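Participant: Sequence plus the predicted model coming up.
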Amino acid sequence: MRKYRTLDEYTEEYFTKHPEEIDDFLTESFAEYAKDGDNAALLSQLRVIARVKGVSLIADKVGITRQGLQKALSSKGNPRFDNINSIMQAMGYNLMPQKLNIHAG
């Protein structure tokens, strides 16, 4: 039986070879989330980057188990805001607000 690779596996391999593009990927991931609110997509994208940066290392920095981190970033995960903040910091990022250009009228 043939085993097919998933999109996440291709994306993980790409970012392993091109780590300089992770910043733009995360910026775009959060921009898309701000538009569509798709939790599962955002968590999937964060899971890919966590794998590239090392799940065990990130879990240790956050203070949770490897399995806990994987569960939090699973498509059915529902991590608390403080967990996402801790995970992002462990990956080397801050969550920062961005002002929207909304014109009244």
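Facilitator: Arrived safely, thanks for sending.

Participant: distance between the lowest-mean-pLDDT helix or strand in the chain and the chain's centre?
Facilitator: For the chain, using mean pLDDT, DSSP states H and E, the weakest element among its helices and strands is helix 7-17, scoring a mean of 89. How far helix 7-17 lies from its chain's middle: 13 Å, per C-alpha atoms, centre = their mean, to the nearest Å.

Participant: Show me what that helix is packed up against.
Facilitator: Under the contact criterion of 3 or more C-beta pairs under 8 Å, 6 or more residues apart in numbering; DSSP states H and E, the helices and strands touching helix 7-17 comprise helix 39-53. To be clear about C-beta, it is placed using only N, CA and C from the backbone, and glycine gets the same treatment.

Participant: Give me the buried positions along the helix it packs on.
Facilitator: Of all the residues in helix 39-53, those buried under the rule 16 or more other C-beta atoms under 10 Å are L42, L43, S44, Q45, L46, R47, V48, I49, A50, R51, V52, K53.
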